[in-house]
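Visitor: Here you go, sequence then predicted model.
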Amino acid sequence: MPARALPQELIRAKRDGEVLSPEAIGELVGGIVDGSLSDAQVGALAMAIYLNGMSASETVALTEAVRDSGEVLAWRGLGPGLDLPGPVLDKHSTGGVGDLVSLVLGPWVAACGGCVPMVSGRGLGHTGGTLDKLEAIPGYGIAPSRERFRKLVCEAGVAIVGQTAELAPADRRLYAIRDVTATVESLPLIVSSILGKKLACGLDALVMDVKTGSGAFMPTLERSRELAETIAEVASRAGTPTTALLTDMSQPLAPCAGNAVEVREAIALLTCQKTDERTGGRLLEVTRELAVELLLAGKLAHDRKAALALLDERLATGAAAERFARMVAGLGGPADLLERPERYLPRAAVLRPVFARRSGCVTRMDTRALGLAVVALGGGRRAPNEAIDPAVGLTGIAALGEAVDGERPLAWVHAASEVDAELAASQLRAAIEVNDVAAADVPRPTLIQDVIRREVP
Ligand code: URA
């Protein structure tokens, strides 16, 4: 066996702009997991990658090493009753505000024959997290046993749960060190971090929702596009066919943001109450397009028209809602949540409309600031492990181009106290620009800006 290179020599090579071999990357990731690389060495490696970038082949090797650093879920050849009845499909978003796509898409795709073992995360910065939203449902357990998780994916077709310690452990350590060494914003590190975790779930296909606009993680359209292209390319080269949609986040996707309020919106959408139609139906459109890509990739529909017809039928008949209900009950939530959401989902003590200082049309939004207003209300975390308030948030958020006046507010604030509501009101007025222009003159960004499909080479 060839002698292992010293980690400091591999770090030096990356520091000097050399291309690392897959073996070298494997050794470094092994050292991150078994602790033989010190925090200082991991930080130095992250900085060398941040400064010099990585080639596509290096990023693929890093992604595969992170994916394989722990358990990789397998769904086939497990014996009677355990093999999944359909293709294993999943979706991931780079994060946004009012982005409750996962809550709707998972059950919807399951109702069309897909199997969706969705390992989700918590809110990060100004963005909301799927797990935080689901925990607004009393009793919903995000950490079922492996057997329960498997059984639920098999029987309900969908289970949305939290990450376990066994899944991609290299990322947990690397991410924590990146967080304190100013090395988060590195394309190869972001891509391998996101994909390492997702691909460890044993997927047949993945769809990525990469956001762009004022509420997106990446600051410019060019950077978001680069992220979308790199993710699709790297995931496919690592063996999972992946499509990335580049979607607009220059306003919240749903007309609400928070935890219980977003679960209410998901239930409304799944039960065809069309609550977001007034604000343009953007949530449904993005969810539907992502679902179409998954149905095509999973060969559950032979073309786009057939995929749309299947999706529309499964939503209208209540089949998607029924999958959501089964998932919730299967993970410990109330069996009648869909029939009686008000009995279970918490309501904030204070609910008040926030009016703009002048009448006019909404011309621009600082979506990130809206997300931060939800965090300030207590709907997200200011420090790791902080408890969050599931009841707070925003509803009825006006859309770009919508007229607001003394009757139509910018949004309604759900707060724990009058003081919190007042702070959120001033944040909202600062974040939403209103001008005296005709609605037709307000530019509305294209919702789905690009679709990047990559097959396994
Ligand atoms: N989300 C992740 O999981 N990792 C990153 O590096 C950035 C966002």
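Guide: The structure has been received and is ready for your questions.
Visitor: can we go C-alpha only for contacts and neighbour counts from here?
Guide: Will do.
Visitor: How about Val109: what's its closest non-neighbour residue?
Guide: Computed as C-alpha to C-alpha, 6 or more residues apart in numbering, the closest residue to Val109 that is not its neighbour in sequence is Ala291, at 6.3 Å.
Visitor: Next, the one you found: secondary structure please.
Guide: Under DSSP: H, G, I helix; E, B strand; the rest coil, Ala291 falls in the helix class.
Visitor: so how far is Leu105 from it?
Guide: Between Ala291 and Leu105 the computed distance is 6 Å (C-alpha to C-alpha, to the nearest Å).
Visitor: Quick check: buried residues in the helix or strand hosting Gln427?
Guide: Assessed by DSSP states H and E, Gln427 sits inside helix 418-431. The neighbour-count check on helix 418-431 (16 or more other C-alpha atoms under 10 Å) flags Asp420, Ala421, Ala424, Ala425, Gln427, Leu428, Arg429, Ala431 as buried.
Visitor: nearest to the ligand, of those?
Guide: Of all the buried residues of helix 418-431, the ligand sits closest to Ala431, with 24.0 Å by C-alpha to the nearest ligand atom.
Visitor: I'd guessed the closest one sits against Thr367; true?
Guide: Yes. If you go by C-alpha atoms under 8 Å, Ala431 and Thr367 touch, sitting 7.2 Å apart.
Visitor: pLDDT at the residue nearest to Val109, what is it?
Guide: Ala291 carries a pLDDT value of 98.
Visitor: Can we start the residue count at 43 from this point?
Guide: From this message on, residue numbering opens at 43, which makes the last subject Ala333.
Visitor: these two touch, right, it and Pro149?
Guide: No. Taking C-alpha under 8 Å as the definition, Ala333 is not a contact partner of Pro149, at 10.4 Å.
Visitor: who's more crowded, these two?
Guide: More neighbours surround Pro149 than the other of Ala333 and Pro149, with 31 against 26 (other C-alpha atoms under 10 Å).
Visitor: Sticking with the more buried one, tell me its helix or strand.
Guide: helix 143-153.
Visitor: how about the CA coordinates for the helix or strand that that helix is followed by, as CSV?
Guide: Toward the C-terminus, helix 143-153 is succeeded by strand 158-162 as the next helix or strand (DSSP H and E). Provided in CSV are the C-alpha atoms of strand 158-162 (Å, rounded to 0.1, in the frame of the first residue of the first chain):
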residue,chain,number,x,y,z
VAL,A,158,-39.4,10.6,-1.0
PRO,A,159,-37.1,10.0,2.0
MET,A,160,-36.5,13.7,2.6
VAL,A,161,-33.7,14.6,5.1
SER,A,162,-34.2,18.3,5.8
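Visitor: what's next to strand 158-162, contact-wise?
Guide: By C-alpha atoms under 8 Å, 6 or more residues apart in numbering, the list of residues contacting strand 158-162 from outside reads 130-133, 148, 151-152, 171-173, 191, 195, 199-205, 240, 243.
Visitor: Out of the residues you listed, list just those in helices.
Guide: Of the contacts of strand 158-162, the ones assigned to helices by DSSP state H are Gly148, Val151, Ala152, Thr172, Leu173, Phe191, Val195, Lys240.
Visitor: can you list those in JSON lines and add neighbour count, distance to Ser278 and pLDDT?
Guide: Rendered in JSON lines, the data for the ones in helices among the contacts of strand 158-162 read as follows (neighbours: other C-alpha atoms under 10 Å; distance: C-alpha to C-alpha, whole Å; pLDDT from 0 to 100):
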{"residue": "Gly148", "neighbour count": "28", "distance to Ser278": "21", "pLDDT": "98"}
{"residue": "Val151", "neighbour count": "29", "distance to Ser278": "21", "pLDDT": "98"}
{"residue": "Ala152", "neighbour count": "29", "distance to Ser278": "23", "pLDDT": "98"}
{"residue": "Thr172", "neighbour count": "25", "distance to Ser278": "25", "pLDDT": "96"}
{"residue": "Leu173", "neighbour count": "22", "distance to Ser278": "27", "pLDDT": "95"}
{"residue": "Phe191", "neighbour count": "21", "distance to Ser278": "26", "pLDDT": "94"}
{"residue": "Val195", "neighbour count": "25", "distance to Ser278": "24", "pLDDT": "95"}
{"residue": "Lys240", "neighbour count": "25", "distance to Ser278": "13", "pLDDT": "96"}
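Visitor: Just give me the closest of the residues you listed to the ligand.
Guide: For those, the nearest to the ligand is Lys240 (9.1 Å; C-alpha to the nearest ligand atom).
Visitor: Show me what from the stretch 193-342 of the chain comes close to the ligand.
Guide: Residues of the stretch 193-342 of the chain lying close to the ligand (C-alpha under 6 Å from any ligand atom) are Val226, Leu231, Ile232, Ser235, Ile236.
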